[in-house]
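Colleague: Need the 3D shape of this:
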Amino acid sequence: MKAVEIHHYGGPEELKYEEAAIPDIHPDDVLVRVYASGVNPVDWKIRQGGHKTDHDPSLPRILGWDFSGVIEKVGDKVTTFKAGDAVYGRPDLTRDGTYAEYVAVRATEIARKPQKIDHKAASGVALAALTAWQGLLEHGQLQAGQRVLIHGASGGVGTFAVQIAKWKGAYVIGTASGKNAGFVEELGADEVINYETTDFSTQVKGIDVVFDTQGGEVQEKSLAVLKQGGIIVSTVGIKDADAIKAKGLRSAAYMAQSRTKDLQQIAQLIDSGAVIPVISKILPLKDAAEAHRIGEKGHVRGKIVLQVVE
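Modeller: Reported below is the predicted structural model:
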């Protein structure tokens, strides 16, 4: 099969479009013919040598952990899916990924693809939408009528966070650049703060949930806008949880988990029209290096997608 692999950690030039072996599947896996793969920041962080664990596969390694495609074969223990099912999901980051014509993935990490969108749009959903869904609803316990501040509201995760929070019935405030402010309003945000010209910490208060994708100074300033008992939920880690607790606030840091149940609920929201995936650019699989160069510059609206099947 054709795949994009890295043989060494480093820059985008390490991404090689080449022949690779079709992966074997375990009894609880399915083999998926990948139609499109989403591109996420974790991809280039791993390419650079970050996120290493004792369980990382040896190089060469196929990147990409966001896909939509059709099941080619199911493992002996799989009863919930069959060959021919259109599915989407986020595979385990410790296994080879989705910049390839085929991927082996656990059946518990996928769900049936949303029916109202094509594979290209669906391939950009799982990782970002799971991050927004679990951060807001599971860790943040966001409720209707609450006030939520979403940082990076025009990005891959942020676009889903705004729409999910609005669907939940929250009052949504997003931060974005000036050129993306109108776009974030169109997604459903009640207020948008241009971080290029305005310090959000001087403009908002009484926030129930802060959704933090930035860390650093943004995270520190976010504490000032939370109401007593409010929570900051971060995708990039909490700097000082004890200090936050001492202020009468709560915090949670997490990495999204790929679960069929959550993916099914997200697919239902998409099919109902409550959530619309935002795809900024579609490139062929062989141009994965260019996708990384664009993504690493930042300020991408929604997601970049690699098309595997025409």
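Colleague: Secondary structure element holding the residue positioned nearest the centre of the chain?
Modeller: Nearest to the mean C-alpha position of the chain, by CA atoms, centre = their mean, lies A128 at 1.8 Å. With elements taken from DSSP states H and E, the one containing A128 is helix 126-133.
Colleague: If you count contacts, what does the helix or strand following that helix end up packed against?
Modeller: On the C-terminal side of helix 126-133, the closest following helix or strand by DSSP H and E is strand 147-150. Under the contact criterion of 3 or more CB pairs under 8 Å, 6 or more residues apart in numbering; DSSP states H and E, strand 147-150 touches helix 156-168, strand 171-176, strand 207-212. Heads up, the C-betas are built off the backbone N, CA and C, glycines and all.
Colleague: sorry, back to before: and the helix holding A128 with helix 156-168, angle?
Modeller: Going by axes from the mean of the first three to the mean of the last three CA atoms, to 10 degrees, helix 126-133 is angled at 50 degrees with respect to helix 156-168.
Colleague: OK, contacts around D262?
Modeller: L130, W133, Q134 (CB atoms under 8 Å, 6 or more residues apart in numbering).
Colleague: Look up phi and psi at it.
Modeller: The phi/psi pair for D262 (degrees, to the nearest 10) reads phi -60, psi -40.
Colleague: Look at it and report its pLDDT.
Modeller: Here the pLDDT value assigned to D262 is 98.
Colleague: Show me where the stretch 151-300 of the chain has its strands.
Modeller: Per DSSP state E, counting those that start in this stretch, the stretch 151-300 of the chain carries strands over the ranges 171-176, 191-194, 207-212, 226-234, 250-253, 279-284.
Colleague: mind checking how far the nearest residue to S234 once chain neighbours are set aside is from H139?
Modeller: Spatial nearest neighbour of S234, excluding adjacent residues (CB to CB, 6 or more residues apart in numbering): D212 at 4.1 Å. For D212, the distance to H139 (CB to CB, to the nearest Å) stands at 11 Å.
Colleague: Common neighbours of the two, please.
Modeller: Joint contacts of D212 and H139 (CB under 8 Å, 6+ apart) are V233.
Colleague: picking up where we left off before, relative to F183, which of the contacts of D262 is nearest.
Modeller: For the contacts of D262, the residue nearest F183 by CB to CB is W133; the value is 20.9 Å.
Colleague: So the closest one is in contact with Q264, correct?
Modeller: No. At 11.2 Å, W133 and Q264 do not qualify as touching, with contact defined as CB atoms under 8 Å.
Colleague: which of these two has more neighbours?
Modeller: Neighbour totals were compared for W133 and Q264, and W133 leads with 21 against 12 (other CB atoms under 10 Å).
Colleague: pLDDT value on that one, please?
Modeller: At W133, pLDDT is 98.
Colleague: for it, what are its contacts?
Modeller: For W133, the contact set (CB under 8 Å, 6+ apart) comprises F160, I164, A256, D262, Q265, I266.
Colleague: any low-confidence regions in the stretch 1-150 of the chain?
Modeller: Low-confidence segments of the stretch 1-150 of the chain, defined by pLDDT under 70: 51-57.
Colleague: so can I have CSV of the helices and strands packed on strand 147-150 showing mean neighbour count and distance to E13?
Modeller: Below are the helices and strands packed on strand 147-150 laid out as CSV (neighbours: other CB atoms under 10 Å; distance: least, CB to CB, whole Å):
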stretch, mean neighbour count, distance to E13
helix 156-168, 26, 23
strand 171-176, 26, 31
strand 207-212, 26, 32
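Colleague: Need these in CSV (columns: mean pLDDT and distance to G11).
Modeller: Shown next, in CSV, are the helices and strands packed on strand 147-150 (pLDDT from 0 to 100; distance: least, CB to CB, whole Å):
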stretch, mean pLDDT, distance to G11
helix 156-168, 98, 21
strand 171-176, 98, 28
strand 207-212, 98, 28
